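Colleague: have a look at this fold, sequence not included:
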């Protein structure tokens, strides 16, 4: 999808196109951009805001435009891509674990190793 949209409309549209096509009421958008200024990410967050989709962003450096236009900004106060991306990866694991366990029965969680 990303390659098809990037080749035809524009790489700036790769996420907005998918949101226009697939986003539904009750959805939320999570964006990840170390700079917070990736045009395709900022465009997606702007579209989501305009269409009632809450936005959570993960940013670093100064937070960029993304930090200013989203509902929740998980900001890594660092100026090093590696550190920012490592923290973002840890946040993604935590979020995925939370979502997974929120949909599991307590007795099943107790039986499993995560």
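Modeller: Yep, it's here. Computed from a predicted structure; not experimentally measured. Numbering: from 1, shown residues only.

Colleague: list the buried ones in the longest helix along the chain?
Modeller: If you go by DSSP state H, the chain has its longest helix at helix 81-102. Neighbour counts over helix 81-102 (16 or more other CB atoms under 10 Å) mark 84, 85, 87, 88, 91 as buried. To be clear about C-beta, it is placed using only N, CA and C from the backbone, and glycine gets the same treatment.

Colleague: how close does the fourth one get to residue 58?
Modeller: Translated: residue 88. 5 Å (CB to CB, to the nearest Å).

Colleague: mutual contacts of the two, please.
Modeller: 32, 74, 76 (CB atoms under 8 Å, 6 or more residues apart in numbering).

Colleague: among those residues, name the ones in helices.
Modeller: Using DSSP H, none of these sit in helices.

Colleague: need those residues in a markdown table (columns: neighbour count).
Modeller: As requested, the shared contacts of residue 88 and residue 58 are exported to a markdown table (neighbours: other CB atoms under 10 Å):
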| residue | neighbour count |
| --- | --- |
| 32 | 20 |
| 74 | 18 |
| 76 | 20 |
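
Colleague: after the longest helix of the chain, next one along is what?
Modeller: Next in sequence after helix 81-102, counting helices and strands by DSSP states H and E, comes helix 106-111.

Colleague: name the SS class of the closest residue to residue 2 other than its chain neighbours, please.
Modeller: Nearest residue to residue 2, sequence neighbours excluded (CB to CB, 6 or more residues apart in numbering): residue 14, at 4.8 Å. For residue 14, the secondary structure call by DSSP: H, G, I helix; E, B strand; the rest coil comes out as helix.

Colleague: so who does residue 24 touch?
Modeller: By CB under 8 Å, 6+ apart, residue 24 has no neighbours at all.

Colleague: what about it, distance to residue 31?
Modeller: 18 Å.

Colleague: for this structure, give me the ranges with low pLDDT.
Modeller: For the chain, applying pLDDT under 70 flags no range at all.

Colleague: next, count neighbours for residue 52.
Modeller: Other residues lying near residue 52 total 10 when counted by other CB atoms under 10 Å.
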